[in-house]
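1. Fold the following for me, if possible:
(2 chains)
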Amino acid sequence: MPDQLLYGIEAAVNGLMAGVLYALVALGFVLIFKSSGIFNYAQGVFALFSALTLVGIMEGQVPFAHLINSIFGTEVHHFGWHVPAVLAIAFTVLVMVGLAILVERYILRHLVNQPDIILFMATIGLAYFMEGFGDLMWGSDIKTLDIGIPQGGSFWIEENTAWLGGEGFYGFFIDRLDIVAACVAAVLVVGLTLFSQYTKQGRALRAVADDHQAALSVGISLRFIWVLVWSIAGVVALVAGIMWGSKSGVQFSLSLIALKALPVLMLGGFTSIPGAIVGGLIIGMGEKLFEFAIGAPFLGGATENWFAYVLALLFLVFRPQGLFGEKIIERV
Amino acid sequence: MKRLKIASLALAGMMASAPVMADLVIPDLSYRTGPYAAGGIPFSDGYQDYFAMLNARDGGIGGEEVRLIECETGYNTEKGVECYEATKGEGALVYQPLSTGITYQLIPKATADGIPLHTMGYGRTSAANGAVFRNVFNYPANYWDGASVIVNHLLNENGGSLDGKTLALIYHNSAYGKEPIRTLEELSKKHGFSLTTIAVDHPGQEQKSQWLQIRRERPDFVVMWGWGVMNQVAVQEAANIRFPMENFYGNWWAGAEHDVTPAGAAAEGYKSLNMNRIDPDLPVFADIKTHVHDAGNAAGDGSNVGSVLYTRGMYAAMLAAEAIKTAQEMHGESDITPAMMRDGMEALKVSAATMEGWGAPAIGPEFDVSCADHGGSGMGIVQQWNAGDGKWVALTDYIESDAEVIDALVVEDSEAFAAENGIEAGCN
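-> Here you go, the predicted structure:
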């Protein structure tokens, strides 16, 4: 096969892998929007906050150390212990559940029956508050996140695919972290599907997603469902935070990964979990192939950010509800 | 209501009768929050701690206390301009905008207000021509110098020839990131290497396409003009594709500790420029510890002392303090104005003895500023990351840039700016 074609395939495969990472972020948005109709602007900040908390717990960092030291004149920064990654992840999940309870208790509960735009604005406020709170709690420095996920191109794949091309082809490059992310995303989607199909809480969640009033009338607690779904979104944010944070270190720009999820949501629909995954894959592959074939050679490169939105808009023209979104039917 | 009126009148009276504070006002346009905070915090800490140390140890500069006004920009251009507008009325002597975007917005404003800007190793490169940019100073080096220093270093490493070699520039797709392109194009013609430019969109969290391109094209050297998360991701991606790290060079804004630590051992051997020497044993650090940190007046938590960007912030403060001293001597007045400060900056002379006096021997190159040259020596060093020790190690002494190429570009660009803006270039 010609080397250029092989490199095109490599760009497509890497695009699919990147798409999985975008989908991980988009999943959190979908879960919350599906159950409560809220577009959670703070989802990216949730990923940042969860990753900050994970590293903080792993490294034994004293939360609010700067504040404590300023007030009491102390010099405490670390507890002096290191928590194993699995345990730290478990603690972080608890923190995210606690956060979900606080969000329900102090924000959502007071905004029931308010227009969607008010809820959206509330999540904008939540995002900025969480960013500042995370800064105050864990500091602004860049933190190294290493929970043992392998990184770097897979030698095995490179060596076993190099024969496909000529001398100018070095085998397919696939990052091992992306492979792990794809596996984790698959487990997450299967887990979420099983949860929503076969558990009582999952069925309640679906009932709320279908019709709030009807769900309330059969005794489903809207508050519990909101806590549940914001907790799950928090866990999904943690997974996204781990994957992205392992690449770049945990830093405040991590919250900007939400921008990568928006075209995915536009394309896949705001209410579909499979839509988030398929949307992520299409956006990831589309932007990488465009950059490879047209962006870099003819347009000076750096086309991925805007091309993802072009792709999403193209889909919207033909399916305004997104690829997997619920069809909008208005009866008069 | 009556009480409120009386209180207001009393307050107004107090304000009216308050003595004018005779101090040296230095605004610090910092960014301690947001995506770029990791770079902004250590620089600001170094900048503030040095002035605080001068106040505590020497009673300020020339008998005048330095009053530092910190204003948070979040590395956001609009906020940076707001900070400028909010602080200039305080009698600000010099601004260090710490952002190329903010610098571009402030050049016309500061020029109109007669307040000097010090854009150290960033901002508008052709501001090195003081005959056009009378209020802007970018010593000790600018972006074009940086690009040229890397090429000169590569020439030294490759027996004086880069003929037939390939160099890829991976850059932040912004005015800042595009700065070295012109210089590298000129240098590629001069030295016979081929240049590929690869853009990375803000913020640079995702760079797979760019590094796959580098993997396909296999350039001999990669040069990076990055900032923020782009740096950390690029170092990790370079390691992922097993690009030889010793052939990967960042500029001086891509060479701090936090740019390499997230990649762990994989960052071993990565090289970057620096415009100043880093040495945790500089005597000035002991003074900062005694007079500032031990007194509980540190700008930050004290953890950044001696780091690359802390040292650079401190070096910036040293240059500002020296310019204040020069201005005080020139005008025979300790309470100087921004116009006097500008004169002091233009007459600045930094010698080995000067730096010794700062308690920071050889922290930077020796240079003299003049009207014709606001850019300083243009020299830089190449440093390499030692992941095992977690330290940057200087590989070279100060390397000169290619004045023949850079000066011509500076003249061309600054004259075009002068023509566009109706500025009559001159040094009188």
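
2. Which other helices and strands does the lengthiest helix in chain A contact?
-> Selection of the longest helix in chain A by residue count, based on DSSP state H, yields helix A:3-36. On a contact count with 3 or more Cβ pairs under 8 Å, 6 or more residues apart in numbering or on different chains; DSSP states H and E, helix A:3-36 meets helix A:43-59, helix A:176-198, helix A:200-210, helix A:222-248, helix A:258-268, helix A:273-290, helix B:208-217. (Each C-beta comes from the backbone N, C-alpha and C, glycine too.)

3. now that helix against helix A:258-268, angle please.
-> 90 degrees (axes from the mean of the first three to the mean of the last three Cα atoms, to 10 degrees).

4. Residue A:271 and residue A:128, how far apart?
-> Residue A:271 sits at a distance of 26 Å from residue A:128 (criterion: Cβ to Cβ, to the nearest Å).

5. circling back to that earlier point, averaging pLDDT over each of the helices and strands packed on helix A:3-36, which comes out lowest?
-> Of all the helices and strands packed on helix A:3-36, the minimum mean pLDDT falls on helix A:200-210 (a mean of 87).

6. could you dump that helix to CSV, C-alpha only?
-> C-alpha atoms of helix A:200-210 as CSV (Å, rounded to 0.1, in the frame of the first residue of the first chain):
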residue,chain,number,x,y,z
LYS,A,200,-34.1,-0.1,40.1
GLN,A,201,-32.3,3.3,40.4
GLY,A,202,-31.4,3.0,36.7
ARG,A,203,-35.0,2.5,35.7
ALA,A,204,-36.0,5.4,37.9
LEU,A,205,-33.4,7.5,36.2
ARG,A,206,-34.8,6.7,32.8
ALA,A,207,-38.3,7.4,34.0
VAL,A,208,-37.2,10.9,35.2
ALA,A,209,-35.5,11.4,31.9
ASP,A,210,-38.7,10.5,30.0
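
7. If you count neighbours, what's buried in the helix or strand that it is followed by?
-> Proceeding N to C from helix A:200-210, the next assigned helix or strand is helix A:212-217, under DSSP states H and E. By neighbour count on 16 or more other Cβ atoms under 10 Å in any protein chain shown, the buried set for helix A:212-217 is A:212, A:215.

8. and what of stretch A:28-38?
-> Under 16+ other Cβ under 10 Å, the buried positions of stretch A:28-38 are A:28-36, A:38.

9. Report the mean per-residue pLDDT for it.
-> pLDDT averaged over stretch A:28-38 gives 88.

10. Pull the distance from stretch A:289-302 to the chain's centre.
-> Distance of stretch A:289-302 from the chain centroid (Cα atoms, centre = their mean, to the nearest Å) equals 26 Å.

11. List the buried residues for that stretch?
-> Buried, per 16+ other Cβ under 10 Å, within stretch A:289-302: A:289-292, A:295-296, A:301-302.

12. CSV for these, including distance to chain B?
-> As requested, the buried residues of stretch A:289-302 are exported to CSV (distance: Cβ to the nearest Cβ, whole Å):
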residue, distance to chain B
A:289, 9
A:290, 9
A:291, 4
A:292, 7
A:295, 8
A:296, 6
A:301, 4
A:302, 4
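
13. Wait, residue A:93 touches residue A:236, no?
-> No: using Cβ atoms under 8 Å, residue A:93 is not in contact with residue A:236; the gap is 11.0 Å.

14. ok, which stretches of the stretch 251-400 of chain B are helices?
-> Under the criterion DSSP state H, counting those that start in this stretch, the stretch 251-400 of chain B contains helices at B:257-260, B:283-288, B:308-331, B:338-346, B:352-358.

15. Contacts for the last one, please.
-> In other words, helix B:352-358. Under the contact criterion Cβ atoms under 8 Å, 6 or more residues apart in numbering or on different chains, helix B:352-358 has outside partners B:284, B:318, B:322, B:361-364, B:366.

16. Assign a three-state SS to the residue of the stretch 51-200 of chain A found nearest chain B, would you?
-> Closest to chain B within the stretch 51-200 of chain A is residue A:140: 3.9 Å, counting by Cβ to the nearest Cβ. Here residue A:140 is coil, with the state taken from DSSP: H, G, I helix; E, B strand; the rest coil.

17. so what's the nearest residue in space to it that is not next to it in sequence up against?
-> Excluding the flanking residues, the one nearest residue A:140 by Cβ to Cβ, 6 or more residues apart in numbering or on different chains is residue B:37, at 3.9 Å. Listed by Cβ under 8 Å, 6+ apart, the contact partners of residue B:37 are A:135, A:140, A:252, B:31.

18. could I get the residues you listed as JSON lines with secondary structure and pLDDT?
-> Below are the contacts of residue B:37 laid out as JSON lines (DSSP: H, G, I helix; E, B strand; the rest coil; pLDDT from 0 to 100):
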{"residue": "A:135", "secondary structure": "helix", "pLDDT": "90"}
{"residue": "A:140", "secondary structure": "coil", "pLDDT": "85"}
{"residue": "A:252", "secondary structure": "helix", "pLDDT": "89"}
{"residue": "B:31", "secondary structure": "coil", "pLDDT": "93"}
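
19. Taking those residues together, which two end up most distant?
-> A:135 and B:31 (12.0 Å; Cβ to Cβ).

20. between those two, who's got more neighbours?
-> A count of neighbours by other Cβ atoms under 10 Å in any protein chain shown puts residue B:31 above the other of residue A:135 and residue B:31, at 26 against 19.

21. Does the more buried one touch residue B:72 like I think?
-> Yes: judged on Cβ under 8 Å, residue B:31 makes contact with residue B:72 at a distance of 6.5 Å.

22. How far away from the center of its chain is stretch A:52-62?
-> Per Cα atoms, centre = their mean, the centroid offset for stretch A:52-62 relative to its chain is 20 Å.

23. Now do that stretch: everything it contacts.
-> By Cβ under 8 Å, 6+ apart, the list of residues contacting stretch A:52-62 reads A:63, A:68, A:76-85, A:88-89, A:91-92, A:95-96, A:134, A:137-139, A:143-145, A:147, A:238, A:241-242, A:245, A:250.

24. Now, of these, which are buried?
-> Buried among those (16+ other Cβ under 10 Å): A:77, A:83, A:85, A:88-89, A:91-92, A:95-96, A:134, A:137-139, A:143-145, A:238, A:241-242, A:245, A:250.

25. Can you tell me the closest non-neighbouring residue to residue A:46?
-> Residue A:46 sits nearest to residue A:237 (Cβ to Cβ, 6+ apart), 3.7 Å away.

26. Can I get stretch A:139-156 in CSV, CA atoms only?
-> Presented in CSV, the C-alpha positions along stretch A:139-156 are these (Å, rounded to 0.1, in the frame of the first residue of the first chain):
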residue,chain,number,x,y,z
GLY,A,139,-3.1,25.3,44.6
SER,A,140,-2.5,26.3,41.0
ASP,A,141,0.7,24.5,40.3
ILE,A,142,0.8,21.8,37.6
LYS,A,143,0.6,18.3,39.2
THR,A,144,2.0,15.1,37.8
LEU,A,145,-0.7,12.4,37.6
ASP,A,146,0.7,8.9,37.4
ILE,A,147,-1.6,6.1,38.3
GLY,A,148,0.3,3.6,36.2
ILE,A,149,-1.4,4.0,32.9
PRO,A,150,1.2,3.3,30.2
GLN,A,151,2.0,6.0,27.7
GLY,A,152,3.8,6.2,24.4
GLY,A,153,3.5,4.4,21.1
SER,A,154,3.0,0.7,21.2
PHE,A,155,6.2,-1.0,19.9
TRP,A,156,4.3,-4.2,19.2
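
27. Would you mark the buried spots in that stretch?
-> For stretch A:139-156, using 16+ other Cβ under 10 Å, the buried residues are A:139-145, A:149, A:151-154.

28. between the residues you listed, which is nearest residue B:117?
-> residue A:140 (25.9 Å).

29. sorry, back to before: ok, residue A:93 and residue A:236, which is more surrounded?
-> residue A:236 (28 against 17).

30. sec struct for the residue in the stretch 101-250 of chain B that chain A sits nearest to, please.
-> Closest residue of the stretch 101-250 of chain B to chain A, Cβ to the nearest Cβ: residue B:199 (3.6 Å). Here residue B:199 is strand, with the state taken from three-state DSSP.
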